[in-house]
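**Q** generate coordinates for the sequence data below:
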Amino acid sequence: MIGNKFVAAMLAAGLAVASWTAGAQADPVNLTIGKLLEVTGPLSDTGPSQDKAVKLAVQFANEQAAKAGVQITAKDIGADVQGDPQAALSAARSLVDQGASCLIGPSITPESIAIANGVTIRKRVTIWPTGTSMRLRTIKDEGTIFRTVPPDSLQALALVAAAEDKLGGASGKLVSVIYRNEPYGEGLAKNFSSAWQAKGGKIQGPIVFDPAQATFDSEAGQVVANNPDAYIIIDYPDTYAKLGAALVRTGKFDPTKGFVADALALSTVPNNIPPQAIEGMRGTEGGTPTGTDAYKIFDSLWQKAGGAEHYSLDANSFDAATLCFLAAAQAKSSDPGAITDHIRSVTTPGAPKFYLTNLADALKAVDSGQKIDYIGVVGAFDFADNGDPTISLFDIFEYQKGKLVVIKQIDAARVTE
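**A** Predicted coordinates:
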């Protein structure tokens with residue numbers, strides 16, 4: 001009799017524990033994703049598209065989680081980083097204080113470094129910059145910084161390929177290089193110059209300018225001196241309005257000989273940049289495979305939402321927000337450290353592959369504790385030890401009638417020979 005009572009008591013206790021455990025697992029995860037946006041400052045043209053990309057990712061992920069029956073919902077909150085490291089740090093602190101577990105952005109590397117050193121490393125919050133400078137990898141981020149954008153070490157090779165394509169090769173060709181004095185410009189100019197010279201090409205400069213200086217006439221004259229075969233111009237939209245005008249004033253500048261990097265990948269050329277400074281110019285930006293079903297879904301969401309046009313790296317930010325959502329679902333937590341610990345578990349090479357087309361199934365898999373390899377709109381990530389992706393697809397574009405038109409896509413990792 002005593003034995004039966006003991007067994008019954010143990011069974012009851014077991015049922016209570018099982019019930020409590022099931023209830024704990026069923027507790028919904030309420031995730032907050034922060035957007036570090038360039039609403040004002042030198043890259044303010046990127047703000048609306050980045051805001052829209054993250055918002056669409058959150059909305060779509062919420063819909064797919066509900067469809068899958070996975071108990072997670074997310075919301076997005078944003079702040080203006082103003083193109084300034086101190087303002088960016090204040091913006092990040094504000095978002096983290098409001099409960100943000102992941103931060104998408106910002107676009108400028110000194111901002112990202114200030115945020116990492118000032119708040120996110122200590123709190124183990126993942127940050128997903130769209131800044132591409134290799135200087136970001138000079139700090140010990142403790143595994144908290146991931147990028148879904150290819151770094152500038154690869155973009156430099158894409159610029160070389162774009163120039164070679166236009167000039168019919170590098171050997172003997174003189175390229176005049178000018179850059180804005182900050183890490184993005186310095187790194188790209190250095191890497192491009194080295195790669196171009198390794199192919200037998202010649203470099204004029206690099207010419208460096210302070211974005212705060214009053215005029216750019218002297219630098220413009222140096223750019224066009226000796227009638228170079230091409231120009232590499234690494235700048236932001238706010239200063240290119242002035243530098244471009246100075247180049248036109250030389251009377252020797254031919255925009256069809258010019259190449260720019262992704263900070264000047266403008267969906268529509270703003271009115272303050274003279275057409276004579278940009279029409280027919282080519283450039284590079286991180287590419288997105290447009291023939292995939294994942295891209296078709298992304299683009300359909302984008303067009304239905306209206307508002308901001310597609311802009312450089314919008315799909316990359318969409319993917320970053322989706323990865324944060326998946327990692328939180330697998331961790332069953334909105335704790336920043338738990339999410340950080342699960343990023344690589346949702347991008348595991350060799351694990352079952354999932355896509356935007358079956359995101360609900362991906363959420364079911366991670367909810368059950370399974371490792372997956374999520375393939376984003378921009379491709380597979382397979383993050384390196386430093387958190388940079390292995391993707392290396394770039395668009396080569398040309399400005400035609402004031403619009404950015406993609407004319408070719410290349411894999412920068414395969415154009416080194």
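**Q** the domain parsing of the protein - what is it?
**A** Under the assignment automatic domain parsing, the domains of the chain span 28-149+313-374, 152-286+395-414.
**Q** for the last one, what does the pLDDT average out to?
**A** Which is domain 152-286+395-414. Rounded to a whole number, the mean pLDDT of domain 152-286+395-414 is 97.
**Q** next, the contact list for residue 335, please.
**A** residue 101 (CB atoms under 8 Å, 6 or more residues apart in numbering). In this view, the C-beta of every residue, glycine as well, is placed from N, C-alpha and C.
**Q** so what's the residue count around residue 293?
**A** The number of residues packed around residue 293, counting by other CB atoms under 10 Å, is 11.
**Q** that one touches residue 375, doesn't it?
**A** No: look at residue 293 against residue 375 with CB atoms under 8 Å: they stay out of range, at 10.8 Å.
**Q** shared neighbours, those two?
**A** residue 355.
**Q** can you tell me the centre-most residue of the chain?
**A** residue 130 (3.2 Å; CA atoms, centre = their mean).
**Q** element containing the spatially closest residue to residue 331 that is not a sequence neighbour?
**A** Taking CB to CB, 6 or more residues apart in numbering, and ignoring the residues beside it in sequence, residue 331 has residue 338 as its nearest neighbour in space, at 4.0 Å. Of the helices and strands defined by DSSP states H and E, residue 338 is found in helix 336-342.
**Q** how far off centre is that helix?
**A** Centroid separation between helix 336-342 and its chain, computed with CA atoms, centre = their mean, to the nearest Å, is 20 Å.
**Q** okay, buried residues for that helix please.
**A** Counting neighbours by 16 or more other CB atoms under 10 Å, one finds that the buried residues in helix 336-342 are 336, 338-342.
**Q** so the residue nearest to the centre of the chain sits right up against residue 107, yeah?
**A** Yes: contact between residue 130 and residue 107 holds when scored by CB under 8 Å: they sit 4.8 Å apart.
**Q** nearest to residue 387, of the domains of the chain?
**A** domain 28-149+313-374 (4.3 Å; CB to CB).
**Q** wouldn't residue 108 be in contact with residue 83 here?
**A** Yes: checked against CB under 8 Å, the pair residue 108 and residue 83 is within contact range at 6.2 Å.
**Q** what is in contact with these two at once?
**A** Counting by CB under 8 Å, 6+ apart, the shared contacts of residue 108 and residue 83 are 38, 42-43.
**Q** before we move on, the earlier item: hmm, the residue nearest to residue 331 is touching residue 330, no?
**A** No: with contacts defined as CB under 8 Å, residue 338 does not count as touching residue 330, sitting 9.1 Å away.
**Q** got phi/psi on the nearest residue to residue 31 once chain neighbours are set aside?
**A** Spatial nearest neighbour of residue 31, excluding adjacent residues (CB to CB, 6+ apart): residue 74 at 4.0 Å. Phi and psi for residue 74, reported as degrees, to the nearest 10, are phi -130, psi 160.
**Q** per-residue pLDDT, residue 74?
**A** In the predicted model, residue 74 carries a pLDDT score of 98.
**Q** tell me the contacts of it?
**A** Applying CB under 8 Å, 6+ apart as the definition, the contact partners of residue 74 turn out to be 30-33, 58, 61-62, 325, 328.
**Q** I'd like those as a markdown table, with secondary structure and distance to residue 363 appended.
**A** Output for the contacts of residue 74, formatted as a markdown table (DSSP: H, G, I helix; E, B strand; the rest coil; distance: CB to CB, whole Å):
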| residue | secondary structure | distance to residue 363 |
| --- | --- | --- |
| 30 | strand | 16 |
| 31 | strand | 12 |
| 32 | strand | 18 |
| 33 | strand | 16 |
| 58 | helix | 14 |
| 61 | helix | 8 |
| 62 | helix | 10 |
| 325 | helix | 8 |
| 328 | helix | 10 |
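**Q** which one of the domains of the chain lies nearest to residue 388?
**A** Proximity to residue 388, assessed across these by CB to CB, is greatest for domain 28-149+313-374 (5.3 Å).
**Q** end-to-end on the closest one?
**A** Between the start and the finish of domain 28-149+313-374 there is a gap of 22 Å, counting by CA to CA, to the nearest Å.
**Q** measure residue 339 to residue 366 for me?
**A** Residue 339 sits 12 Å away from residue 366, taking CB to CB, to the nearest Å as the criterion.
**Q** what do the two both touch?
**A** With the criterion set as CB under 8 Å, 6+ apart, the overlap between the contacts of residue 339 and residue 366 is residue 327.
**Q** quick one: the helices in the chain, in order.
**A** When secondary structure is read from DSSP state H, the chain shows helices at 2-26, 47-68, 85-97, 109-115, 121-123, 152-167, 183-198, 217-224, 237-249, 293-305, 314-331, 336-342, 359-367.
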